[in-house]
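S.K.: Sequence and predicted structure, then a few things I'm wondering about:
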Amino acid sequence: MRVVALLSDFGLRDGYVAQMKGTILDLCPSAVITDISHDVQRHNIPMGSFILETTARYFPKDTIHVAVVDPGVGSARNAIVVECESALFVGPNNGLMARASETLGVKSIHKIRAEEFQRKDVSSTFHGRDVFAYAAGMIASGRRPEEVGPRVSKLETLDLSSPTLLGKKLVCQVLHVDVFGNVITDVGEKLVRNIPVTFGESVEILTGARKLQAQYARSYHEVDRGAMAVLLGSQGFLEIAVREGSARDKLDAKALDKLELRF
Amino acid sequence: MRVVALLSDFGLRDGYVAQMKGTILDLCPSAVITDISHDVQRHNIPMGSFILETTARYFPKDTIHVAVVDPGVGSARNAIVVECESALFVGPNNGLMARASETLGVKSIHKIRAEEFQRKDVSSTFHGRDVFAYAAGMIASGRRPEEVGPRVSKLETLDLSSPTLLGKKLVCQVLHVDVFGNVITDVGEKLVRNIPVTFGESVEILTGARKLQAQYARSYHEVDRGAMAVLLGSQGFLEIAVREGSARDKLDAKALDKLELRF
Amino acid sequence: MRVVALLSDFGLRDGYVAQMKGTILDLCPSAVITDISHDVQRHNIPMGSFILETTARYFPKDTIHVAVVDPGVGSARNAIVVECESALFVGPNNGLMARASETLGVKSIHKIRAEEFQRKDVSSTFHGRDVFAYAAGMIASGRRPEEVGPRVSKLETLDLSSPTLLGKKLVCQVLHVDVFGNVITDVGEKLVRNIPVTFGESVEILTGARKLQAQYARSYHEVDRGAMAVLLGSQGFLEIAVREGSARDKLDAKALDKLELRF
């Protein structure tokens, strides 16, 4: 029994995701298939990367993650398998899987080239089904990841800046805005612990156009209904939230926006 | 093999539901995880309660239902496990699980407090993953529900009125409006059988602002296309439907609205 | 272990799909349940038919497909089981399952009438749960499809025209518009191979109201960003796509529209 977890920007209305699942079950009837998300915005690689990075770590060891946000399908970008200490990633080498892979300890990267790891008639527009799901199904059924093809030396990464903390000023980037309007930054737990601030103190948040007051908190419940909190969120990053409201609306922020926080 | 069924207001776009599933599979690889719904309106406990109540009964005996609509996460509300005759419920003690639990015969209620039934670093904002899914995974893997912590005496309930039938006048409340616009009342099967009405007779429906004519029917097909029917619906409650149309639009009704039906 | 794949127009917000899954798991705990799609537009049988036809073939042999787009629920239409060479279909005999069944080789059709293949109290408005899922659960648990009831001679079909190719003029119909705005026609792979055209040549597309230029291509990447391509798509049909854009918007096309392509 092997868990195969799927992420894509295909949505669930059409048959595309089901065609991937059928392909995997056909090659490996005992596979346990789970969805991560199929509602990644079309071609939004940073959004897919964020969801994959924050979610993959919760799955059992040796889970095979198939991730397909692939504007370059049919072009020269490589289809790869990334073997990590505690998971495998299968998808395009376009930055989507880099942060998740690095979190779980990259061991090797292989290009999917062997014919038996792809459908005989690969559709030029749907590698999600004919290459990625197919290769994942073969590996789930017991084949070794290194059999898929030659080694690749470089895992493509996203062009993201790093957050910087200078005294009480933190410059960072929005990684993701969730469905509740919580604005999740790229400031990881380790850096959060270095911020010279105490729970209950106020924080000033500057976007390009706006300047807002928030409170540094442990949980939403420490601020009033409708008030803004800055806290270490459940995804392992500094997060801006409005209790029973939407920080996205108040900040007018979206993924990849720059923010400045003054503690 | 144990079925674990999930209900939440997290939506499926972000990684939150997948993080719950990963957590459960990590603790119990043989768990069979199924979604009930993750599109409960944010923080809408009555809506979650209705979907859980009407759906849980169809699952196999001993299914573990994890239900998370939890505006009070991080506050003092209890995280509980409700052991019933034919199922288990895991979630916040905020009214969400009361009606479903009572339908399936409550045997005992326990507060989740034992450390081994929660993730080591519980996020203060995501008990769905670190407490509820975690406890469910432990129980699915064979641990006993009473091990999670001390007994709780009271299951919090929703503040819902009861329908009243006086002669040919029925006063009731809307429990749910489904995606087709069917308006489902709180009038259960038993009370429906006491209504002095015959199939084919007309029914007058009064909302606060509107007065409409419908027909008492067995099935949508007994009324004309676009006409309104009152019938015992598939969810076990009296339901108002428009054949191939939307009763919600005609009645302008929403959950918790009061209705009066004159037979 | 038997795969049961579900398609419906119920959406995933209410408990309806989960009630079907609970029913199946209750009758056959080892069933592996997968969703094809539940976002078929309400009562849109051609849309459900397309998704089922293009997806069922990717599932393992002997998969049980339960398909419910059923405006006639409660009326006289038959509930049937279609046994094919490599799969089973369970649903209403209203055209929904015809194309998918024929693709997989129809062997026999049986009407669901035996009482033990239906819930004791069948809801007149939700055969998806009480008849179709119930019968599927029984079959998944080992019962034979022919036990469900008497043979039916005729599989209802959709009233679709056939595409015609005359010289360099192709008259066809839109079968489906996917979530990306790709317009998928009813021109199958075999007919596509007969079109007298070479990759790179231009194609004129005429809708009722518009006339547009496209390029015949192998993959999206052979045309410029925003340009229109005509290609053999991943679903096995001639497809019109706009690279990183929407052909639906450019053509203003929807399912069942007629199109003329001049090569």
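M.R.: Done, it's in.
S.K.: For the stretch 51-200 of chain A, what lies in contact range of chain B?
M.R.: Contact residues (CB under 8 Å from any CB of the partner chain) of the stretch 51-200 of chain A with chain B: A:51-52, A:54-60, A:63, A:176, A:178-180. Yep, even glycine has a C-beta here, placed from its N, CA and C like the rest.
S.K.: okay if I get those residues as CSV plus secondary structure?
M.R.: Shown next, in CSV, are these (DSSP: H, G, I helix; E, B strand; the rest coil):
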residue, secondary structure
A:Ile51, helix
A:Leu52, helix
A:Thr54, helix
A:Thr55, helix
A:Ala56, helix
A:Arg57, coil
A:Tyr58, coil
A:Phe59, coil
A:Pro60, coil
A:Thr63, strand
A:His176, strand
A:Asp178, coil
A:Val179, coil
A:Phe180, coil
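S.K.: from the residues you listed, which two are the most distant?
M.R.: A:Pro60 and A:Phe180 (27.4 Å; CB to CB).
S.K.: Could you list the contact residues of chain A toward chain C?
M.R.: A:10-16, A:18-19, A:21-23, A:25-26, A:29-30, A:33, A:42-43, A:71-75, A:123-126, A:129-130.
S.K.: Any of these buried? List them.
M.R.: For the residues of chain A next to chain C, a burial check counting by 16 or more other CB atoms under 10 Å in any protein chain shown picks out A:10-16, A:18-19, A:21-23, A:25-26, A:29, A:33, A:42, A:71-74, A:123-126, A:129-130.
S.K.: Okay, and which of those map to helices?
M.R.: Applying DSSP state H to those, the entries found in helices are A:16, A:18-19, A:21-23, A:25-26.
S.K.: which residues touch A:Glu146?
M.R.: Taking CB atoms under 8 Å, 6 or more residues apart in numbering or on different chains as the contact definition, A:Glu146 lies against A:83, A:108, A:110.
S.K.: pLDDT wise, what is the first one at?
M.R.: Looking at A:Glu83, its pLDDT reads 98.
S.K.: From A:Phe59, how far off is it?
M.R.: A:Glu83 sits 15 Å away from A:Phe59, going by CB to CB, to the nearest Å.
S.K.: which one among the residues of the stretch 51-200 of chain A next to chain B gets closest to A:Arg144?
M.R.: Using CB to CB as the measure, the one of these that approaches A:Arg144 most closely is A:Thr63, at 16.3 Å.
S.K.: Give me the nearest residue to that closest one, chain neighbours excluded.
M.R.: A:Val3 (4.3 Å; CB to CB, 6 or more residues apart in numbering or on different chains).
S.K.: Now do the strands in chain A.
M.R.: A:3-8, A:32-37, A:63-68, A:79-84, A:87-92, A:106-111, A:164-166, A:169-177, A:183-188, A:202-206, A:211-216, A:228-232, A:237-242, A:258-262 (DSSP state E).
S.K.: Quick one, which of those gets closest to C:Arg248.
M.R.: strand A:3-8 (20.0 Å).
S.K.: Listing request: residues of the stretch 101-250 of chain A with sub-threshold pLDDT.
M.R.: Nowhere does the stretch 101-250 of chain A drop to pLDDT under 70.
S.K.: and the residue of it nearest chain C?
M.R.: A:Phe126 (3.4 Å; CB to the nearest CB).
S.K.: I figured that residue hits C:Leu232, correct?
M.R.: No. Using CB atoms under 8 Å, A:Phe126 is not in contact with C:Leu232, being 11.4 Å away.
S.K.: returning to that earlier point: sort out which one of the ones in helices among the buried ones among the residues of chain A next to chain C lies nearest B:Asp186 for me.
M.R.: Taking CB to CB as the measure, B:Asp186 lies nearest A:Ala18 of these, at 36.5 Å.
S.K.: Model confidence score at the closest one, please.
M.R.: Looking at A:Ala18, its pLDDT reads 98.
S.K.: what's the distance between it and C:Val69?
M.R.: For A:Ala18, the distance to C:Val69 - CB to CB - is 15 Å.
S.K.: now A:Asp178
M.R.: Taking CB to CB, one finds A:Asp178 at 33 Å from C:Val69.
S.K.: In terms of neighbours, single out the busier of these two.
M.R.: Shown here are A:Asp178 and C:Val69; by other CB atoms under 10 Å in any protein chain shown, C:Val69 has more neighbours (27 against 24).
S.K.: Pull the contacting residues for that one.
M.R.: Contacts for C:Val69 were tallied using CB under 8 Å, 6+ apart; they are C:7-9, C:40, C:43-45, C:47-48, C:92, C:94, C:96.
S.K.: filter these down to the ones near chain A?
M.R.: Filtering the contacts of C:Val69 for proximity to chain A by CB under 8 Å from any CB leaves C:Val40.
S.K.: So among the contacts of C:Val69, which ones count as buried?
M.R.: Buried residues within those, counting neighbours by 16+ other CB under 10 Å: C:7-9, C:40, C:44-45, C:47-48, C:92, C:94, C:96.
S.K.: Taking those residues together, which two end up most distant?
M.R.: C:Met47 and C:Pro92 (14.9 Å).
S.K.: Can you pull the domain assignment for chain A?
M.R.: With domains defined by automatic domain parsing, chain A comprises A:3-148, A:164-262.
S.K.: Next, the distance between the ends of the longest one.
M.R.: This stretch, domain A:3-148, spans 19 Å end to end (CA to CA, to the nearest Å).
S.K.: What of stretch A:194-203?
M.R.: 15 Å.
S.K.: what separates that stretch from the chain centre, distance-wise?
M.R.: On the basis of CA atoms, centre = their mean, to the nearest Å, stretch A:194-203 is displaced by 28 Å from the centre of the chain it belongs to.
S.K.: Which positions within that stretch qualify as buried?
M.R.: A:195, A:197, A:203.
S.K.: likewise stretch A:242-259?
M.R.: In stretch A:242-259, counting by 16+ other CB under 10 Å, buried: A:242-243, A:245-248, A:250-251, A:253, A:255-257, A:259.
S.K.: What about these, which are in helices?
M.R.: Using DSSP H, the members of these that fall in helices are A:247-248, A:250-251.
S.K.: biggest separation within the residues you listed, which pair?
M.R.: A:Arg248 and A:Lys250 (7.5 Å).
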